[in-house]
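Asks: Model the structure of this input:
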Amino acid sequence: RDSALRDLRRKSEALQERKQRAEAETKQAREELLLSQQTCESLQGRKADLEQLVNGLEKECGKIPEISMAKDDMETSFKQQIRQLEDELASVKLAHNSDQLAIA
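Replies: Numbers count the residues shown, from 1 in each chain. Now for the predicted structure:
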């Protein structure tokens, strides 16, 4: 009978130790899960920030062709204005030369 009681006590102690180890492992697993969840949330926030940045950059890049076309249009307009001014200058010079000849 004493032997059976000792055996039961040993088994009870062994089960108690296993229970404590299992509780410690469960606690550690919960902490790791919480840390993983926090890391995941942080990464999702960073992902959202990066997506917003990418969207902004895509919008800006989309404007490049418009800006380029506007630049080309302005350049063409300026060249036309320069040609008109050169033509007017040539006309004025011609008129000036004619006046000079008429005076002489």
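
Asks: quick one: average pLDDT of the host helix or strand of residue 36?
Replies: When elements are defined using DSSP states H and E, residue 36 is found to belong to helix 2-103. When pLDDT is averaged along helix 2-103, the result is 93.

Asks: and the gap between residue 57 and residue 63?
Replies: According to CB to CB, to the nearest Å, residue 57 stands 11 Å off from residue 63. In this view, the C-beta of every residue, glycine as well, is placed from N, C-alpha and C.

Asks: same question, residue 84
Replies: Where residue 63 is concerned, residue 84 sits at a distance of 31 Å (CB to CB).

Asks: what do you get for residue 52?
Replies: 17 Å.

Asks: got it, and residue 86?
Replies: As for residue 86, its distance to residue 63 is 34 Å (criterion: CB to CB).

Asks: And residue 103, by the same measure?
Replies: Between residue 103 and residue 63 the distance is 58 Å, computed by CB to CB.

Asks: which one of those two has more residues nearby?
Replies: Each of residue 103 and residue 63 has its neighbours counted (other CB atoms under 10 Å); residue 63 has more, 10 against 6.

Asks: Can you report how many residues lie near residue 64?
Replies: By the measure other CB under 10 Å, the count of residues near residue 64 is 9.

Asks: got it, and residue 24?
Replies: Burial of residue 24, expressed as a neighbour count using other CB under 10 Å, amounts to 10.

Asks: ok, now the one 5 residues further on?
Replies: Other residues near residue 29 come to 10 when the count uses other CB under 10 Å.

Asks: Contact partners for it?
Replies: Residues in contact with residue 29 (CB atoms under 8 Å, 6 or more residues apart in numbering): none are found.

Asks: No further queries at this time; thank you.
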